[in-house]
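Participant: fold the following, please.
(one chain, ligands or ions: 1)
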Amino acid sequence: MFSSIRSRLWLTYALIIGVVLTILGLALGVYLIRNPLAVRSTLQRLNILSNIVVLRSSDLENLNPPRLQLAVERADAVLDVRIVVLDSDGKTIADSRQSEGPRIPIILWSGIPQGTSQDSWFRDERGQLWLYHIRPIQNNMALVLTAPRPRFQILGILRDEFLRPFEQAGLAALFLALILSFGIARWVASPLQRMAQEARAISSGEYHSIPLEGPAEVKQLAQSFNEMGAQVKLSQQSQRDFVANISHELKTPLTSIRGFAQAILDGTADDPEELHRAAEVIHVEAERMSRLVADLLDLARLDSGTVDFHRDPIDLLELLEKLVDKFIPMAQEQQTGIKLEAEPMPVLHGDSDWLSQVFINLIDNGLKFSASGGEVVIRAFQRNNRACIRVEDSGPGIPQEDLKRIFERFYQVDKSRSRAKDRGVGLGLAIAREIVQAHHGEINAYSNPGDGCVFEVDLPLG
Ligand code: ADP
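Facilitator: Residues are numbered from 1 along each chain as shown. Next up, the predicted model:
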């Protein structure tokens, strides 16, 4: 029932209004019960009437008790107020309502100076509160005028005086709350509704960013939503690119394989030399395809986070020496120098197989791109408690604009540059980056075109 923002806001307002009106009503009720105004006006009346009594009956103090009783009763009959005369001990000598009212308790008044008066209260034997005004008169006597404290029936007052205005105020406030909640809900909910629409649009392949408006939290949500949308768009795009790249990389070798296999089948390639060439092309392209598939499988495993990286203690120097030894025949074949310059350093922990794959890719690229007579140098040293491994070559280098994208999947600087039979597919560096990052390291490439390039891997030691 209260599922929309609007109805919840309205309910909140209604509750607040209800609580405020109740507190207000209670405070007013308590104030009325105490009623300081009525108490003050009763005391004022007693004060005035006592002046009148003194003026009217100037010789009160000289009357004997029966006459005194008569005098106060007469005065009460005219002024309609209970009049009491006390002796010096505070005991009642005369009381105009002696017969009907409860008795007056002893009031010790001796401290009140002559010519002054005092207001106070007492509780009679029935528990009723009385307000009184007292003033000393002659002959060690005191004149007291008293009246019960004014009382109101709280329920009656609330019902008669307050219920209607409270009802009206409550209704008006609820109506106002309805309008307010409608406005605020629109203000809060419309960007949210737009976000819901956009989310639906994204799921059907469209994406528009949401304007940043509304309250701060909603703006933040819109901002996060826009970022998420852009990310989704990017990942959809890269997914499309990925599939297009794979298809492209598979198409080329498949076309070659099909063409040469056809030539063998229909007899176009009939002499042994041509047959050998066709078989060689088929072999090379099949190799390429299986390398591509292996790389894709590696990437898929790295992406899904299912690779169980070991944390073996690795002696980096030993590992690099073994790798470099494996590359010596290849370097000799293409007449390129290969050199390892490494300083001893503490062991690092990681997966030696996966890390070897990173260095193999870098050294292989270095040798592939260095011209004969060039040199590939592998340096390893310690920097800020991290192992730094650099692979420097003397190849053509990488232009600055390509350097930024070199670790992207399928990115190749110049495809025509590597038309050789061992040309890759542009996944090696992307895989290397995933492996290094999984080891909490970094991989970067630097180059001055024409002056070779440097690939630097930075891994935490220990
Ligand atoms: P590939 O399998 O094509 O070698 P990589 O991811 O290892 O894929 O490299 C991507 C691209 O980066 C290569 O195609 C090449 O254009 C460029 N590249 C990598 N290493 C070097 C290097 N040492 N010198 C020049 N270009 C390089």
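
Participant: relative to the ligand, how far out is the residue lying farthest from the centre of the chain?
Facilitator: Within the chain, the residue lying farthest from the chain centre (CA atoms, centre = their mean) is N64, at 88.4 Å. Distance of N64 to the ligand, computed by CB to the nearest ligand atom, to the nearest Å: 130 Å. (C-beta placed from N, C-alpha, C; glycine too.)

Participant: what is the neighbour count of the residue in the stretch 1-150 of the chain positioned nearest to the ligand?
Facilitator: Residue of the stretch 1-150 of the chain nearest the ligand, by CB to the nearest ligand atom: I5 (51.3 Å). Residues lying near I5 (other CB atoms under 10 Å) number 17.

Participant: phi, psi of the residue farthest from the centre of the chain?
Facilitator: phi -80, psi 160 (degrees, to the nearest 10).

Participant: what of S447?
Facilitator: phi -160, psi 140.

Participant: just checking, it touches G395?
Facilitator: No - using CB atoms under 8 Å as the test, S447 is too far from G395 to be in contact (9.2 Å).

Participant: what about the single nearest residue of the stretch 301-450 of the chain relative to the ligand, which SS state?
Facilitator: Among the residues of the stretch 301-450 of the chain, G424 lies closest to the ligand, at 1.8 Å counting by CB to the nearest ligand atom. The local conformation at G424, judged by DSSP: H, G, I helix; E, B strand; the rest coil, is coil.

Participant: the closest residue to N245 other than its chain neighbours: what's it in contact with?
Facilitator: Distances taken as CB to CB, 6 or more residues apart in numbering place F410 nearest to N245, at 4.0 Å, with adjacent residues excluded. Each residue near F410 by CB atoms under 8 Å, 6 or more residues apart in numbering is listed here: D241, F242, N245, E249, V425, G426, L427, A430.

Participant: now with 7 Å, please.
Facilitator: Residues near F410 by CB atoms under 7 Å, 6 or more residues apart in numbering: N245, V425, G426, L427.

Participant: compare the residues you listed and tell me which is most surrounded.
Facilitator: Going by other CB under 10 Å, L427 tops the contacts of F410 with 24 neighbours.

Participant: mind showing which ranges of the protein have poor pLDDT?
Facilitator: 1-2, 152-158, 415-423 (pLDDT under 70).

Participant: near the ligand, which residues of it are found?
Facilitator: Residues of the chain lying near the ligand by CB under 6 Å from any ligand atom: 361, 365-366, 369, 393, 395, 398, 406, 411-413, 418, 424-430, 453.

Participant: one more time with 5 Å
Facilitator: Neighbours of the ligand within the chain, by CB under 5 Å from any ligand atom: 365-366, 369, 393, 395, 398, 412-413, 424, 426, 428-429, 453.

Participant: identify the residues contacting stretch 441-450?
Facilitator: 396-399, 403, 406, 432-433, 436, 453-460.

Participant: can you give me phi and psi for the residue nearest the centre of the chain?
Facilitator: Against the mean C-alpha coordinate of the chain, by CA atoms, centre = their mean, the closest residue is E217 at 8.4 Å. With angles defined as degrees, to the nearest 10, E217 sits at phi -60, psi -40.

Participant: now Q193
Facilitator: phi -60, psi -40.

Participant: what about it, neighbour count?
Facilitator: With other CB under 10 Å as criterion, Q193 counts 11.

Participant: now S110
Facilitator: 10.

Participant: show me what the strand or helix carrying V358 is packed up against.
Facilitator: Applying DSSP states H and E as the criterion places V358 in helix 352-369. Judged by 3 or more CB pairs under 7 Å, 6 or more residues apart in numbering; DSSP states H and E, the packing partners of helix 352-369 are strand 312-314, helix 316-333, strand 375-383, strand 386-392, helix 428-438.
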